[in-house]
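Peer 1: here is a sequence with its predicted model. Questions after.
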Amino acid sequence: MLDMRFIRENPDRVKEAIKNRNLKLNIDEFLDMDKERRNLLVEVDKLKNTRNIESDEIAALKKQGKDASVKLSQMKLVSQKIKEIDSKVEAICNKIQNIAMLIPNIPHSSTPIGSDAKSNKVIKEWGKLPNFKFNPLNHIELGEKLNIMSFPASAKLSGSGFCLFTGDGAMMVRALLNFMIDLHTKKHGYREVWPPVLVNRRSMTTTGQLPKFEEDMYKLKDDDLFLIPTAEVPLTNIHSHDILDEEDLPIYYTAYTPCFRREAGSYGKDTKGLSRVHQFDKVEMVKFVKPEDSYDELESLLANAEKVLQILKLPYRVQLLSTGDISFAASKCYDIELWAVGSAVWLEVSSCSNFEDFQARRGNIKFKNKNTGKLSYVHTLNGSGVAFARLIIAIIENYQTKAGFVEIPRVLQPYMGGKKIIKPVSK
RNA sequence: GGAGAGAUGGCUGAGUGGUUGAAAGCGGUCGCCUCGAAAGCGAUUAGGCCCUUUGGGCCUCGGGGGUUCAAAUCCUCCUCUCUCCGCCA
């Protein structure tokens, strides 16, 4: 959410942001409502002031044993009027609030302007793309051959868009979890968290999934709870409605969680295999930082995510997202994409974003400035460090051998009982 | 799921209709004292919103609704915490 005063004072910047994001919202109408709200407030505040003063006088009269019935009946009318205006104020506040929650964040000046993903900029490429002398298989073929994943089985259990890992595939998931959490906690200074994966509406609103994207979420029927689409939601909400100490900043959290996405409306797109599934695993990093540090923190966050891929020796590229592709709540965002040689595609495995105070405002996350004693909103950031399903595609495809086996990346071997290669096993 | 108790400022905690936005204590900050520190003394110490301002006003005692001229205080619903019982991985 943006600051009301900011919108009032910089309507052109807000309009520009909306236009650059390819969205449509009527800001002038919104500001008219705000004006009306403030006029009503002035009116009702005056009446309340009268009531407060007169009420004191009624109390004084009663104390003295004098008759207060004239004032009493006057104030009855005033109170009635107050009630009327208050309900008007409430109605218009609700309207304003509903629209305010749909206004996206202002993109950072370094975010490329463009209407869609075509305007994203590749700003970095790392590692050599593998060039096999044989025809590489894709992960579905390899997974079946090696008996480490089964889509028929997951379809039987849950329907399309799920995956069942077995044997060394399952062990690799567990290895990745431990490797990434170890890296981020031991080398990058993050605190480990194991959060709930069901969260309430308020939490989903803080981080911006609600109210706009409710249809993308899995929701429980009997309780107002949602399955998280990313650990960003619980991690960021750890400090919702908190006042943090300045000396405690920055705060870094990391967590592994499964992530749940309905992916409504994306049927037909990447529906095969692991690249777009309803449930996947992910290690997430979240930061709470002082405003002046947030763009440096974004760079180190990106570096932390890249480190995972560097250690795994997987070729990747980093994209700076354009205004048309960046998420609703973010002001600047990098995507990391892995090359999967068997499928011959770039796969997004991480998004590292700075939300500035957009989420902090929604979740009321503040810190006390030590010098001024004033409260300010923190800046929040998050990044995947990284998402498993597509990472597993890349590992399996890039580490495949001519014989159709899969070598295990060196860093994962200790996490997999010293195993170096995945070969087919009988069921 | 059943029965009971509770939710007040950074913390502990008083407060059951009218100078209580809130006693007291702790903590924090500043000043005095001191070579310095401790102790002691003094002062100060919530947030949000609105108005054109030095300034003024409104709102907020878990959240919503209600009663009343007036609500931290009365009624009601909800959420959460604690205790006991039941159930359960």
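Peer 2: Ah, there it is.
Peer 1: hmm, A:Ser240 and A:Ser203 touching each other?
Peer 2: Yes. At 7.1 Å, A:Ser203 counts as touching A:Ser240 under the criterion of Cβ atoms under 8 Å. Every C-beta, even on glycine, is put in place using the N, C-alpha and C of the backbone.
Peer 1: got phi/psi on the residue of the stretch 151-300 of chain A found nearest RNA strand B?
Peer 2: Minimum separation of the stretch 151-300 of chain A from RNA strand B (Cβ to the nearest atom of the strand) falls at A:Ile243, amounting to 6.0 Å. Note on A:Ile243: backbone dihedrals following degrees, to the nearest 10 are phi -110, psi 110.
Peer 1: got the contact list for A:Lys370?
Peer 2: A:246-247 (Cβ atoms under 8 Å, 6 or more residues apart in numbering).
Peer 1: so it, which of the three states?
Peer 2: What DSSP: H, G, I helix; E, B strand; the rest coil gives for A:Lys370 is coil.
Peer 1: if we can go back for a sec, out of A:Ser203 and A:Ser240, which sits in the busier spot?
Peer 2: A:Ser203 (22 against 17; other Cβ atoms under 10 Å).
Peer 1: quick check, that one in a helix?
Peer 2: Yes. Counting by three-state DSSP, A:Ser203 is found in a helix.
Peer 1: mind checking how far stretch A:139-154 is from the chain centre?
Peer 2: Its chain's C-alpha centre and that of stretch A:139-154 lie 31 Å apart, by Cα atoms, centre = their mean, to the nearest Å.
Peer 1: right, I mislabeled it, should have said stretch A:407-420
Peer 2: From the chain centre to the centre of stretch A:407-420 is a distance of 32 Å (Cα atoms, centre = their mean).
Peer 1: quick one: buried residues of it?
Peer 2: Residues of stretch A:407-420 classed as buried: A:408-409, A:411-412, A:415-416, A:419 (neighbour count, 16 or more other Cβ atoms under 10 Å).
Peer 1: same check, this time on stretch A:144-161
Peer 2: For stretch A:144-161, by 16+ other Cβ under 10 Å, it's A:146-151, A:154, A:161.
Peer 1: which of those fall within strands?
Peer 2: A:149-150 (DSSP state E).
Peer 1: turn the buried residues of stretch A:144-161 into CSV, columns for pLDDT and distance to A:Gln310.
Peer 2: Converted to CSV, those look like this (pLDDT from 0 to 100; distance: Cβ to Cβ, whole Å):
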residue, pLDDT, distance to A:Gln310
A:Leu146, 96, 26
A:Asn147, 96, 30
A:Ile148, 96, 24
A:Met149, 95, 25
A:Ser150, 95, 31
A:Phe151, 94, 30
A:Ser154, 94, 31
A:Gly161, 92, 30
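Peer 1: before we move on, the earlier item: hey, what's the spatially closest residue to the residue of the stretch 151-300 of chain A closest to RNA strand B that is not a sequence neighbour bridged with?
Peer 2: With Cβ to Cβ, 6 or more residues apart in numbering as the measure, A:Lys366 is the residue that lies nearest to A:Ile243, at 5.1 Å, once sequence neighbours are left out. Beta bridges link A:Lys366 to A:Ile243, A:Tyr377 when assigned by DSSP bridges.
Peer 1: where in chain A is pLDDT low?
Peer 2: The model of chain A has pLDDT under 70 over residues A:265-270, A:371-373, A:426-427.
Peer 1: which positions in it make contact with RNA strand B?
Peer 2: Residues of chain A lying close to RNA strand B (Cβ under 7 Å from any atom of the strand) are A:4-5, A:38, A:41-42, A:44-46, A:48-49, A:51-56, A:58-59, A:62, A:72, A:75-76, A:78-79, A:90, A:243, A:373-375.
Peer 1: buried members of the residues you listed into PyMOL, please.
Peer 2: Selection command for PyMOL covering only the buried members of those, criterion 16+ other Cβ under 10 Å:
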select buried, chain A and resi 4+44+51+54+58+75+78
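Peer 1: which residues sit against stretch A:297-313?
Peer 2: Taking Cβ under 8 Å, 6+ apart as the rule, stretch A:297-313 contacts A:126-127, A:179-180, A:183-184, A:187-188, A:190, A:250, A:285, A:287, A:289, A:316, A:318, A:332, A:334, A:336, A:338, A:349-350, A:352-354, A:379, A:381-386, A:391, A:395, A:409-412.
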